[in-house]
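> Next input, structure requested:
(one chain, ligands or ions: 2)
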Amino acid sequence: MPRAEDVVFPRRERVEDRRKELGHRKLLDEFFDHSTLLAVSRLVNRGQFDSLDHPISLGKEGGVFRATKGEEYRAVKVYRIGNTTFRRLPEYALEELRRVTSLRNFGGLISAWTRREHTILGLLTDAGVRVPRPYGHFRNVLVMEYIGDADGAAPRLRDAPIADPASLYADFVQQVGRMIRGAKLVHGDLSPYNTLYFEDRLVLIDVAQAIGADHSVARRLIERDIANFAKYFARLGLTVDADELLAEVGGDTVGPPRAEA
Ligand SMILES: Nc1ncnc2c1ncn2[C@@H]1O[C@H](COP(=O)(O)OP(=O)(O)OP(=O)(O)O)[C@@H](O)[C@H]1O
Ligand SMILES: [Mg+2]
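Ligands and ions are numbered 1, 2, ... in the order given. Below you'll find the predicted structure:
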């Protein structure tokens with residue numbers, strides 16, 4: 001059985017560049033505290049992946065790493081155990097968390113949040129929405145499909161050159177339409193930052209805060225999500241009307257069911 005320390009950025013046979021090694025060491029200390037290392041090793045023992053290769057993205061709230069399992073890559077999201085993750089959460093998300101754990105129980109909160117992201121990725125996958133397929137989770141660590149290829153992870157939509165804005169628009173309408181009408185969810189933090197661009201199509205990510213389309217805040221959230229994208233499409237040179245885009249994705253159906261007259 002491999003030691004968790006060896007699974008996280010395993011030492012290469014060749015002597016590594018010293019600076020790189022120090023950088024990795026700092027990362028190790030910041031992200032991989034004892035409990036996170038145990039979670040990583042648990043997932044390795046379950047066959048979720050063989051090793052972590054390198055970070056794809058490092059943020060205040062967590063990091064996403066490329067991992068290898070046999071011949072394929074996987075993406076591993078590690079939520080940082082610290083209070084920054086929950087400081088930023090909107091009230092409706094805290095309300096969801098409060099249902100499953102005490103807000104004072106930090107480990108419990110992060111586990112619940114990680115599980116939530118895993119569950120929502122599963123619901124979206126089942127509804128045919130293009131998202132990373134979820135593979136497993138343990139505590140603050142989530143394993144999902146890697147979006148990208150051997151040359152690197154897919155860029156965020158924000159950073160990707162778009163050859164055909166009109167077909168991207170149609171793809172957006174289809175994906176978000178399936179999310180609302182099929183999965184009956186709204187994303188709640190949808191933007192060109194939380195969307196990847198891969199093989200000329202978009203992939204929605206970062207879904208932990210998604211909420212049922214009939215929730216009282218859902219309408220406000222979908223309007224904001226759509227406004228973000230209307231601006232983005234306008235920058236690409238399309239003539240876009242936010243209300244029309246909202247209607248196209250089924251936004252009119254979002255919100256609590258109206259009381260019978
Ligand atoms: N499945 C994936 N495959 C490839 N890259 C991914 C995947 N998931 C996330 N990433 C990369 O990691 C970044 C952060 O992921 P995500 O948005 O889910 O986390 P986050 O905690 O919200 O971070 P941030 O605050 O930077 O948005 C993404 O912008 C993307 O570059
Ligand atoms: Mg994000």
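
> List of residues touching stretch 176-188?
Applying C-beta atoms under 8 Å, 6 or more residues apart in numbering, the contact partners of stretch 176-188 are 90, 93, 120, 123-124, 126-129, 190, 194, 204, 207, 209-215, 218, 221-222, 225, 248-251, 253-254. (C-beta placed from N, C-alpha, C; glycine too.)

> would you put the C-alpha positions of that stretch in CSV?
Only the C-alpha atoms of stretch 176-188 are listed here, as CSV (Å, rounded to 0.1, in the frame of the first residue of the first chain):
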residue,chain,number,x,y,z
VAL,A,176,-28.5,25.3,-19.3
GLY,A,177,-31.9,24.3,-20.7
ARG,A,178,-31.2,20.7,-19.7
MET,A,179,-30.0,21.9,-16.3
ILE,A,180,-33.3,23.8,-15.7
ARG,A,181,-35.8,21.6,-17.4
GLY,A,182,-34.1,18.2,-17.0
ALA,A,183,-32.3,18.4,-13.7
LYS,A,184,-34.5,21.1,-12.3
LEU,A,185,-31.5,23.0,-10.9
VAL,A,186,-30.0,26.4,-11.4
HIS,A,187,-26.3,26.8,-11.1
GLY,A,188,-26.1,30.0,-9.1
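
> May I see the buried residues of it?
Burial within stretch 176-188, assessed by neighbour count using 16 or more other C-beta atoms under 10 Å, is assigned to 176, 178, 179, 180, 183, 184, 185, 186, 187, 188.

> and which of those is nearest residue 65?
residue 187 (23.2 Å; C-beta to C-beta).

> What separation is there between that closest one and residue 85?
18 Å (C-beta to C-beta, to the nearest Å).

> ok, now residue 25?
Counting by C-beta to C-beta, the gap from residue 25 to residue 85 is 23 Å.

> My guess is residue 42 contacts residue 138. True?
Yes: between residue 42 and residue 138 there is a contact at 5.0 Å, judged by C-beta atoms under 8 Å.

> Now do the same for the residue in the stretch 1-150 of the chain positioned nearest to ligand 2: its pLDDT.
Going by C-beta to the ion, ligand 2 is nearest to residue 59 of the stretch 1-150 of the chain, at 7.3 Å. The model reports residue 59 with a pLDDT of 82.

> try residue 82
So residue 82 comes in at 71 (pLDDT).

> swap in residue 19?
67.

> just residue 261 next, same as before
Note on residue 261: pLDDT of 53.

> Residue 171: what's it in contact with?
Contacts of residue 171 (C-beta under 8 Å, 6+ apart): 201, 202.

> any idea which element it lies in?
Assessed by DSSP states H and E, residue 171 sits inside helix 165-177.

> Just after that helix, pick out the following helix or strand.
strand 185-186.

> Parallel or antiparallel, list what pairs with that next one.
Strand 185-186 pairs in its sheet with strand 211-212 (antiparallel), by DSSP bridges.
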